[in-house]
Every structure is written in structure tokens, then in C-alpha cells.
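> Need coordinates for the following:
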Amino acid sequence: MLNRPRVVENGNLGPVNSTVVPRYSGAPTFALLPRLDEIEQSGGTAEVKVIGVPFDAGVSYRPGARFGPGHVRQSSRLLRPYNPATDTSPFAQVQVADAGDMAVNPFDIDEAIAAIQADAMELTADGARLMTIGGDHSIALPLLRAAAERAGAPVALLHFDAHLDTWDTYFGAAYTHGTPFRRAAEEGLLVTEAACHVGTRGPLYGRKDREDDARFGFGIVASSDIYRQGADAVAARLGERIGDHPLYISVDIDVLDPAHAPGTGTPEAGGMTSRELLEILRGLRGLNLVGADVVEVAPAYDHAELTGIAAAHVAYDLIGLLGDRP
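Residues are numbered from 1 along each chain as shown. Predicted coordinates for the structure are as follows:
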């Protein structure tokens, strides 16, 4: 095997040293991080695990998010160890490793959801937290189930998305990418007074959609609110709502305007900029983040890796939050 020297900081094995090995060379793990088996073989443990879930059988419009994990990894090659925006080195704060992809049944949603939950429980048995790359948004439900079980209590939720994803069914199906947070609320997985949709916009089927969502207790910060109030004010508002609760963050990349993220299944005009999303996430430092996902990257519709690069940077900042424990 070729020698690929890695950055080592605070005793943590980091990315391949890109001053020695070209970034476009070698295996495309997330941010060129070590694989989980490399960490385990060296006698170490990973405190944050990057895991892909290549599943999109829950989509209602354009398919292709099953190829999202590989695309985001490829788009993450240019990420570097130090984040000047937060004055942190995410891969030095904690040991981060790429755990590869889950093997998920592409034909049976119920079986896939059960497998994702079981795999998430296994991956977090040692106390690790997951940074998950999807896949469509239906994967958020089993990940929330695992997060709540590990926390021993319902969790707070920040859901960044153009859509509410609290619809009841599609064509009679209870588990789709438009229903995960309704199911999560019904199952008691969420502290709903500490749950909020962020970046929503676009047409709905009717007023009842908002009425149903309000009945579950979700807050809403619309895309227009972010435009008018600014990222700092929105982050402060969200932090107050979350408080000390264990927090799960779910980011549907379609929360971004199609100008910033064209490669997704259900794009909506009038969305956030990638700068706004990153600044809001950076304003959440100090919260008790226990898990996160970035979903709905569909590379067939991407151009010049715009969507993949945006998703990779979002995941990078989320890893920083996962390592920045209160």
C-alpha cells in the first residue's frame, strides 16, 4: 500500500497531508479522513463517525439521492483541517473517521428503516456520534429513533428544509421523505417545544398542512424570516428554543436556493444562500449536538459539484459542532 502520511493533531489521526499527496489522489473518504477500520486497527476509537446511507426509495419526485454519499465525499476533497470561521480544528477536537456506507435494501422501505436504526445503534454503542450523509430524508426517522434511544429521552430537532416533511402519507405510504418528522412526533421522539423547521418556503397543498404541523408543536423560521432578520438573529432565536436539550440537526440540502444547490430532488425557488446556512450553524456552538445528517443530494442534477461542495461544507461545520461539546 502506498504511504499516505496524515495530519496528526492532539493525538488524533486526521486527513491525508495534502501538502505531500495531491487531493485528487487516493480513496475519497470524507475530507480525506481515515477509515474507521484504520482507527480501530491502530488501537484508537472514533468519537465522530461519518456514515453514508445510499437510499432513495422514499422520494416523491426526482430520484438519485442514493448516489449522494459518494458525491459528497468526492466534493469534500478540498476541505482543510482548520476552520478560521470558528477558530477550531474539527478533526483535532475529536477523532473523526469515515465509516463507509450502510448496506440498505433499496426495494423495501420498512426493512431499510429497520436496518438503518440497527446500524446507527451499533455504530454509537461505543459513545460515538454520527454525521450521516444521505440518501433521501426518510432516513432521518430511524436516525432520530437511535438518537433518542441513546439519549434516553426525546431530543430537540432543528430541521433545515424547504419543506415541512410532516405530511401524513403519500399514496398510502406512511414512510417517505415527506413524512419523517410527523412519524417522529407521533412516536414521542421529539421535544416538540424545542423543535423547529428552518428555511421553509414554497407552495403547500393547503392551509391544513400548516395547521397539522402546528398541532405537533413545531416552530417555523421561514426562508423569508432569514432574509429579513439575518443569520445571527435566527441562530440566537434557535439557541433559545433548544436550550439544554440534546439536539439532532437534519439538513435537507434543498433548504438552499437552487442557485446554490441545483442537485436535489425537490428544488424550490427563494431559498437560503450557502453562506446563510453556514453562519446559522456556526451560531449554534455550545449546544448539545448528539447527531446530524445532510440529505437529498442528487448528483445527476448537480453542476460543477455546486450541491456536493455545499453539502460537504455543511457536514464539515456539523462535525465541528459535534466535537464542540458544552
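> residues contacting the closest residue in space to residue 103 that isn't next to it in sequence?
Distances taken as C-beta to C-beta, 6 or more residues apart in numbering place residue 115 nearest to residue 103, at 7.6 Å, with adjacent residues excluded. C-beta: built from backbone N, CA, C; applies to glycine. Residue 115 is in contact with 102, 103, 104, 105, counting by C-beta atoms under 8 Å, 6 or more residues apart in numbering.
> Tell me how far residue 115 lies from residue 108.
Here residue 115 is placed at a distance of 9 Å from residue 108 (C-beta to C-beta, to the nearest Å).
> same check, this time on residue 35
Per C-beta to C-beta, residue 35 is found 28 Å from residue 108.
> which residues are contacting stretch 5-20?
Contacts for stretch 5-20 (C-beta under 8 Å, 6+ apart): 4, 21, 26, 31-34, 38-39, 42, 44, 79-81, 89, 91-96.
> residue boundaries of the strands in the stretch 101-250 of the chain?
129-134, 155-160, 190-200, 219-222, 247-252 (DSSP state E, counting those that start in this stretch).
> relative to strand 155-160, how tilted is the lengthiest helix in the chain?
In the chain, ranked by residue count with DSSP state H as the criterion, the top helix is helix 306-323. Here the directions of helix 306-323 and strand 155-160 differ by 160 degrees (axes from the mean of the first three to the mean of the last three C-alpha atoms, to 10 degrees).
> Show me what helix 306-323 is packed against.
Helix 306-323 is packed against strand 48-53, helix 68-75, helix 90-93, strand 129-134, strand 247-252, helix 274-282, strand 289-295, with contacts defined by 3 or more C-beta pairs under 8 Å, 6 or more residues apart in numbering; DSSP states H and E.
> Out of those, flag the one nearest residue 191.
Between residue 191 and these, the shortest gap by C-beta to C-beta is with strand 247-252, which sits at 9.4 Å.
> Put the alpha carbons of that closest one into PDB.
Taking C-alpha atoms only, strand 247-252 is exported to PDB below (Å, rounded to 0.1, in the frame of the first residue of the first chain):
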ATOM      1  CA  LEU A 247     -30.100  18.200  19.800                       C
ATOM      2  CA  TYR A 248     -30.400  16.500  16.500                       C
ATOM      3  CA  ILE A 249     -29.800  18.600  13.300                       C
ATOM      4  CA  SER A 250     -31.200  17.400  10.000                       C
ATOM      5  CA  VAL A 251     -30.300  19.300   6.800                       C
ATOM      6  CA  ASP A 252     -32.100  18.700   3.600                       C
END
